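# Sharing a model prediction with you, sequence too.
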Amino acid sequence: MNLEKGDLGLYGKEALFWIDEPVEWETPDLSQAEIEQKIKEYNGQINSNLFMSLNKDGSYTGFIKVQLKLVRPVSVPSSKKPPSLQDARRGPGRGTAVRRRTSFYLPKDAVKHLHVLSRTRAREVIEALLRKFLVVDDPRKFALFERAERHGQVYLRKLSDDEQPLRLRLLAGPNEKALSFVLKENDSGEVNWDAFSMPELHNFLRILQREEEEHLRQILQKYSYCRQKIQEALHACPLG
């Protein structure tokens, strides 16, 4: 595995690594009896009513929790006010087909539980999340990531479109440190700027300007601190 890229921005000071390629990690194929046993073990470990259920056709249903880690604004129909988390729980209402758009930032670290099937694919999870929050952006702008904490490090892996999040949840168990899901911008490869609207592009320019100003402030603060310490050391040194 290639894990040699680090990003300290999205998760504070904890070390973060990710895998660029949207490849599937090897997961075991379970027999029907093993799936049934895994579901019993899973349900016995959770402290909520978010149970998994085995269906007669051999599939199973359950809940996955997805954390939204979006740094860019998203687009919603302009006839709608920016949806709150309560609006998202109620789902889309009438008038969502309006073509005019407005951009805004989703609540930081918003979390959504989705009830899905074992055969529900990652791409369908992304589409369901966008519908819940009334987002009309192209789903290809977003990606679903698997997050895991191991040995004091945080690892992110981009799921391929056809991977099944509930199956990964069952195999990992309910422990959030062993596995959780994160929705992020799909930043792999070259950005197709033509896919964005004019308001989105202007918002990106404002974001870049703020990031540049913040980086500049941190650099000036760092060198100012170093200069101060050197001057203090010089004053403390005896003459001669």
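Received it, and whenever you're ready, just let me know what you need. A quick note: this is a predicted structure, and the numbers were derived from the prediction, not measured.
# Going by C-alpha atoms from here, please, whenever you check contacts or count neighbours.
Noted.
# Give me the distance from the helix or strand containing Glu34 to the chain's centre.
Glu34 belongs to helix 32-45 when assigned by DSSP states H and E. Distance of helix 32-45 from the chain centroid (CA atoms, centre = their mean, to the nearest Å) equals 27 Å.
# That one packs against which elements?
Packed against helix 32-45 by the contact rule (3 or more CA pairs under 8 Å, 6 or more residues apart in numbering; DSSP states H and E) you find strand 53-54, helix 165-172.
# Let's have the ones you listed in TSV, adding distance to Glu212, mean neighbour count and mean pLDDT.
Converted to TSV, the helices and strands packed on helix 32-45 look like this (distance: least, CA to CA, whole Å; neighbours: other CA atoms under 10 Å; pLDDT from 0 to 100):
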stretch	distance to Glu212	mean neighbour count	mean pLDDT
strand 53-54	49	16	94
helix 165-172	36	21	95
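# Could you dump these into a markdown table with distance to Asn47 added?
Output for these, formatted as a markdown table (distance: least, CA to CA, whole Å):
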| stretch | distance to Asn47 |
| --- | --- |
| strand 53-54 | 16 |
| helix 165-172 | 15 |
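# Out of those, which gets nearest to Val74?
Of all the helices and strands packed on helix 32-45, it is helix 165-172 that lies closest to Val74, at 23.6 Å by CA to CA.
# Return the angle between stretch directions for that closest one and helix 32-45.
80 degrees (axes from the mean of the first three to the mean of the last three CA atoms, to 10 degrees).
# Give the other helices and strands that helix 165-172 contacts.
helix 32-45, strand 60-68.
# Rebuild those as JSON lines, extending it with mean pLDDT.
Converted to JSON lines, the helices and strands packed on helix 165-172 look like this (pLDDT from 0 to 100):
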{"stretch": "helix 32-45", "mean pLDDT": "94"}
{"stretch": "strand 60-68", "mean pLDDT": "95"}
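# on that earlier part again, do you know which of the helices and strands packed on helix 32-45 lies nearest Val71?
Smallest distance to Val71 across those (CA to CA): 23.0 Å, for helix 165-172.
# just the angle between the closest one and strand 60-68, please?
100 degrees.
# Parallel or antiparallel, list what pairs with the helix or strand following helix 165-172.
Following helix 165-172 in sequence order, the next helix or strand is strand 180-185 (DSSP H and E). The strands beside strand 180-185 in its sheet (DSSP bridges) come out as strand 60-68 (parallel), strand 142-150 (antiparallel).
# Local confidence estimate at Glu14?
Looking at Glu14, its pLDDT is 44.
# Now do Val154, the pLDDT please.
87.
# next one: Lys80
With respect to pLDDT, Lys80 scores 54.
# For Leu166, list the residues it contacts.
Each residue near Leu166 by CA atoms under 8 Å, 6 or more residues apart in numbering is listed here: 61-64, 116-120.
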